[in-house]
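Engineer: What shape does this take:
(2 chains)
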2 protein chains.
Amino acid sequence: MTLEEVGRSVWWGWGDPARAGSVPATALRRLRDELSLSEVHRPPVALADLSLPAPRWTPATRDAVTALLGADHVLTDPRARMEHAGGKSYLDLLRARTGETAYAPDAVLLPADGEQIAGVLALAAEHGFTVIPYGGGTSVVGGLTASDPRPHLSLDLRRLAGLVALDEVSGTATFGAGTRAIDAERALRERGWTLGHYPQSYQQASIGGFVATRSAGQSSSGYGRIDDMVLAARAVTPAGEVAFGERSPATAAGPRLLDLVVGNEGACAVITQATLRVHRAPSATRHAAYAFPSFEAAAAALREMVQTLGHDGQPDVTRVSDADETRVSLMLAGRAGRVLGSYLRGRRMPDASLMILLWHDSSDAAAAARAKRATPILRAHGAVALPARIARGWEHGRFRAPYLRDELMTRGVFVETLETATTWSNLPRLYAVVRQAISTALASLDTSGIVQCHISHVYHSGASLYFTYLAREADDPAEQWRAVKAAASSAIVAAEGTITHHHAVGRDHRDYLEEEIGEVGARILRAVKAELDPHDVLNPGVLIPPVS
Amino acid sequence: MTLEEVGRSVWWGWGDPARAGSVPATALRRLRDELSLSEVHRPPVALADLSLPAPRWTPATRDAVTALLGADHVLTDPRARMEHAGGKSYLDLLRARTGETAYAPDAVLLPADGEQIAGVLALAAEHGFTVIPYGGGTSVVGGLTASDPRPHLSLDLRRLAGLVALDEVSGTATFGAGTRAIDAERALRERGWTLGHYPQSYQQASIGGFVATRSAGQSSSGYGRIDDMVLAARAVTPAGEVAFGERSPATAAGPRLLDLVVGNEGACAVITQATLRVHRAPSATRHAAYAFPSFEAAAAALREMVQTLGHDGQPDVTRVSDADETRVSLMLAGRAGRVLGSYLRGRRMPDASLMILLWHDSSDAAAAARAKRATPILRAHGAVALPARIARGWEHGRFRAPYLRDELMTRGVFVETLETATTWSNLPRLYAVVRQAISTALASLDTSGIVQCHISHVYHSGASLYFTYLAREADDPAEQWRAVKAAASSAIVAAEGTITHHHAVGRDHRDYLEEEIGEVGARILRAVKAELDPHDVLNPGVLIPPVS
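Structural biologist: A predicted model of the protein is given here:
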């Protein structure tokens, strides 16, 4: 195998999309060796083997909801309820494997519009129910995991879907909140436009979910985070409807209230539609992969690019793996990985850090011209060019990690990710402290494993850190998860990172938020929540720090 | 005079800085003819001719404040009080000419730090005073004009000044809120950096004032608005201190609370320091001026530049005058204006629209290369290149308009500016409707005058409109101002523009805000205000819509 042939086979590029999530036997064997795994096979419990309790509502409540939405849009069958029982957090996936049903909503509602949502919120307040807005169901931080003793309704927004308006003069597109990302992008591409937002949840997540959680996608270096893209949003609160940002892309008309809707995680408002900045769809992509002598050198190159190149040289996708993530990628990539590893050792890069860059543009020449402007910076930091196929392989498999996590859990691997961000000057400290905290926590549970990290979102003044850790599952995996998560979260807070860069707060990060926004910040959130949702109907337990 | 010599003399380029605000006799004569002015000379009333009432405080209050700040930092002399009696709004300037003293603060306080500010806020609540935070004193929307019957303290932040920290790795600078913009930029330039924020108030305004009012400067196309620049802020509220945004340039940790501090106009919090994104100072500037056959064509060129050129071609300063602003500029520019006007008529551009572009970069070659990328777009929209000296002339005189307004008012000219913004697709409607509303209002007062407009801030999905109107002063200039302002504001609201693009809400726009943010938006603002400032100590009457 030549270096040119390596591309497709590294970590991110396993298999074809049809096999998404299926772990090749050789890769699994290597992981078993590395993590001292035993043979385990524990898939999610089949629906037929679950027995759900009856919905906790009186006939009067049921009739009122049915009269509002129509019988077809009130679901109480076990499949619908279990599909809405939480999201995709580690604990959610664990519960699917233990067959826990306590988190299932009492009913799943499918409202048609904002008016029906307002009706549901009023009924919920009156009848003592809580409501959890539901988009694509991809929260990895417990954003959809009911934690209130009251009965709860899952408010699935799938009927608020589709492209409401495309303003080709202003470069904006308005979507119903329930529009799946993949459908939104398809609708835009058909008209020659793109949103350019590709988080790992892309294949399932919704536009409203992106906005509610301040999502950031893999092309954030070029197209920005969802917070940069959202120009306007409409939402329904128990206190009435809001519409912010529709008049102008910029204003000095007081505090930016749109930024209370963005990131509200369904705790204050149910987003019904969003207007997003869109761009002419690119027709060419330039791929590049580089090896750097160290993670630090690669990060320094990223920093110099984002601070000194304008749009012209700055790649649309930037991704740098630390030495451990690079090593594991090569280990799991089979022969291709061995070839590349041996090449890097030959180049005296035993701790090589792998960088993936993509430039999207209107033509191959335009993309190549932009890439060329980055070259001097990359070289100055010691970059060695690798086959572009490695970057294509990453692109090909880039939405696969979530499926893979599912399968690894089934096979007894404790696998989780978490992310943070900070200023460039604080990045080395944050990286070292969090990495150490996760390693120490895993070791103290006698489940030492792999801790790897990458940078995939860069800003003028800082960058994100995305950690993945894998270990042998302990006897009590929920407790194992809690111990490591607590250690990592405490380390993030202590080292002055943000508790979440793009996964949102949910329930998993809630108790760390007050350290970040302060006691007065927590009071502001509670005051806004109390004003908009005085009966605490909306997604109680998520985001808002309780009075301590 | 050749076309090459025209540059310096157009509208924005009058005289040298030492003569800032002095109107050349010939220009004034032309204005007199155009506006049918009579000879008037009514300067602000001299301090010696004013008699201020004694401060409305008891010895106990005075002693408590003095004990907190020290006698040197509690000012009650007439000069200090009158210098803090409002800002630079039209009504403020009018009051200076009628010798009104009712708006003077009872005392001017000069706190040293956040702790002393917290002390002042506590004392104010206890003793029944209100507090108006004061930066550079340049509010043009009544942001500093006391409107509450309680006695009031002006909280001048000048002692919270200076560069607190420069993080050259992260590209950020932290300033005390009272730092004057001009001092901040000087401190940065000495170290090779720039903020790149140059509103017309630049020579007097403060960093804290920029942040509190969501200011946008003339280089916003390149460097962004202050909202884009502010990464973090600290502020003191009656409920305690807040610090938002310091951990990371990007986060998904809930609603962006920093955006409640930015634009709060001193109604909820006293900003004490801000951390701003800074850039390596440019060492070269490319100037360009163009004439377009129409305002619409020039606006279309701006739109295409901002939507399709990245940083590379997009100018840092973009400014397009409509036909009336172009005509008046030429009229007031004397011989240079006549030469240029005759040239444009020769090019069959009787309704020419003048465009000024500046590119800042690290070298002449780099700036020129960027400018070159814009050329095809400009040409496609019918641009005719004019001497670059016109752009240099604009740059030279660009901070002069506020002084000029003062002098024109002294000479009996009714002169005011207002600004709005909207999406590109709504821009033509907003322009037509607001222009018509101002013209009609002036005509109905029998003071028909000049209504001119320019675009000076562009975004991917929209742009600002900045109107200047001049007329003969009516017998009751305050009433004249109110009538035109009301007509323009109602037109902005009706045509779905924002009530303010960068002047802020203050008192002058407050009653239009609820139309923009809705009833629930107004409730949110009141809830935040009530949580942070339960005794309504901070700048009462500004920003927050009252319960209707």
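
Engineer: Let me know the secondary structure of A:P534.
Structural biologist: Secondary structure, DSSP: H, G, I helix; E, B strand; the rest coil: A:P534 is coil.

Engineer: Oops, could you answer that again for A:C453 instead?
Structural biologist: strand.

Engineer: my guess is it contacts A:R319, does it?
Structural biologist: No. When contacts are counted by Cβ atoms under 8 Å, A:C453 is not listed as touching A:R319 (11.4 Å). (Each C-beta comes from the backbone N, C-alpha and C, glycine too.)

Engineer: And those two? Which one has more around it.
Structural biologist: A:R319 (26 against 22; other Cβ atoms under 10 Å in any protein chain shown).

Engineer: Could you pick out the residues of the stretch 101-250 of chain A near chain B for me?
Structural biologist: Contact residues (Cβ under 8 Å from any Cβ of the partner chain) of the stretch 101-250 of chain A with chain B: A:167, A:169-172, A:213-216, A:225, A:227, A:231, A:237, A:239-244, A:246-250.

Engineer: Give me the subset of those lying in helices.
Structural biologist: Using DSSP state H, the members of these that fall in helices are A:T213, A:D227.

Engineer: In strands, which of the residues of the stretch 101-250 of chain A next to chain B appear?
Structural biologist: A:D167, A:T172, A:L231, A:T237, A:G240, A:E241, A:V242, A:A243, A:F244 (DSSP state E).

Engineer: who's in contact with the second one?
Structural biologist: This means A:T172. A:L166, A:L231, A:T275, A:L276, A:R277, A:V278, B:T423, B:S461 (Cβ atoms under 8 Å, 6 or more residues apart in numbering or on different chains).

Engineer: quick check, nearest of these to B:P55?
Structural biologist: Closest to B:P55 out of the contacts of A:T172 is A:L231 (47.6 Å), distances taken as Cβ to Cβ.

Engineer: dump the residue contacts of the closest residue to A:A107 other than its chain neighbours.
Structural biologist: The shortest distance from A:A107 to any non-neighbouring residue, by Cβ to Cβ, 6 or more residues apart in numbering or on different chains, is to A:T76 (5.0 Å). With contact taken as Cβ under 8 Å, 6+ apart, A:T76 is in contact with A:P55, A:D106, A:A107, A:V108.

Engineer: State the pair within the residues you listed that is farthest apart.
Structural biologist: By the measure Cβ to Cβ, A:P55 and A:V108 form the most distant pair in the contacts of A:T76, at 10.1 Å.

Engineer: higher neighbour count, the two?
Structural biologist: In this view A:P55 and A:V108 are compared by other Cβ under 10 Å, and A:V108 has more residues nearby, 23 against 17.

Engineer: what about that one, which SS state?
Structural biologist: strand.

Engineer: Please apply the same query to A:L155.
Structural biologist: strand.

Engineer: that older thread, show me just the buried residues among the ones in strands among the residues of the stretch 101-250 of chain A next to chain B.
Structural biologist: Buried subset of those (neighbour count, 16 or more other Cβ atoms under 10 Å in any protein chain shown): A:D167, A:T172, A:L231, A:T237, A:E241, A:V242, A:A243, A:F244.

Engineer: which of the residues you listed sit farthest apart?
Structural biologist: A:D167 and A:T237 (26.1 Å).

Engineer: Can you show me the helices along the stretch 51-200 of chain A?
Structural biologist: Per DSSP state H, counting those that start in this stretch, the stretch 51-200 of chain A has helices spanning A:59-69, A:78-83, A:90-98, A:114-127, A:181-190. These are given in chain order.

Engineer: Let's have the ones you listed in CSV, adding distance to B:R411 and mean neighbour count.
Structural biologist: CSV is the format used below for these (distance: least, Cβ to Cβ, whole Å; neighbours: other Cβ atoms under 10 Å in any protein chain shown):
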stretch, distance to B:R411, mean neighbour count
helix A:59-69, 66, 15
helix A:78-83, 74, 18
helix A:90-98, 72, 19
helix A:114-127, 55, 19
helix A:181-190, 56, 17
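
Engineer: now the ones in strands among the residues of the stretch 101-250 of chain A next to chain B as a markdown table including pLDDT?
Structural biologist: Formatted as a markdown table, these follow (pLDDT from 0 to 100):
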| residue | pLDDT |
| --- | --- |
| A:D167 | 98 |
| A:T172 | 98 |
| A:L231 | 98 |
| A:T237 | 98 |
| A:G240 | 98 |
| A:E241 | 98 |
| A:V242 | 98 |
| A:A243 | 98 |
| A:F244 | 98 |
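
Engineer: contacts for stretch A:55-66?
Structural biologist: A:V74, A:T76, A:D106, A:A107, A:L109, A:V120, A:L123, A:H127, A:F129, A:P151, A:L153.

Engineer: how about the residue of the stretch 1-150 of chain A found nearest chain B, phi and psi?
Structural biologist: At 9.0 Å from chain B, A:V141 is the closest residue in the stretch 1-150 of chain A, using Cβ to the nearest Cβ. Here is the backbone geometry of A:V141 (degrees, to the nearest 10): phi -130, psi 20.

Engineer: neighbours around it, how many?
Structural biologist: Count around A:V141 with other Cβ under 10 Å applied: 28.

Engineer: which residue packs closest to it, ignoring adjacent ones?
Structural biologist: A:G506 (3.0 Å).

Engineer: That neighbour and B:T172, how far apart?
Structural biologist: Using Cβ to Cβ, to the nearest Å, A:G506 is found at 29 Å from B:T172.

Engineer: After the helix or strand A:T417 falls within, heading C-terminal, what element do we hit next?
Structural biologist: Using DSSP states H and E, A:T417 sits within strand A:413-423. Where DSSP H and E defines the elements, the next helix or strand beyond strand A:413-423 is helix A:427-444.

Engineer: That next one and chain B in contact?
Structural biologist: No. In terms of Cβ under 8 Å from any Cβ, no part of helix A:427-444 sits within range of chain B; the closest distance is 8.8 Å.

Engineer: Return the angle between stretch directions for that helix and strand A:413-423.
Structural biologist: For helix A:427-444 against strand A:413-423, the angle between stretch directions is 160 degrees (axes from the mean of the first three to the mean of the last three Cα atoms, to 10 degrees).

Engineer: Report pLDDT for A:F129.
Structural biologist: On pLDDT, A:F129 comes in at 98.

Engineer: Is it correct that it is in contact with A:S154?
Structural biologist: No. Judged on Cβ under 8 Å, A:F129 makes no contact with A:S154 at a distance of 10.8 Å.

Engineer: Let me know the helix or strand that A:A288 is in.
Structural biologist: Per DSSP H and E: strand A:284-292 holds A:A288.

Engineer: Correction: the previous question concerned A:I524.
Structural biologist: helix A:510-532.

Engineer: gap between stretch A:43-55 and the chain center?
Structural biologist: With Cα atoms, centre = their mean, to the nearest Å as the basis, stretch A:43-55 stands 27 Å off its chain's centre.

Engineer: What backbone torsions are found at A:R319?
Structural biologist: The phi/psi pair for A:R319 (degrees, to the nearest 10) is phi -150, psi 130.
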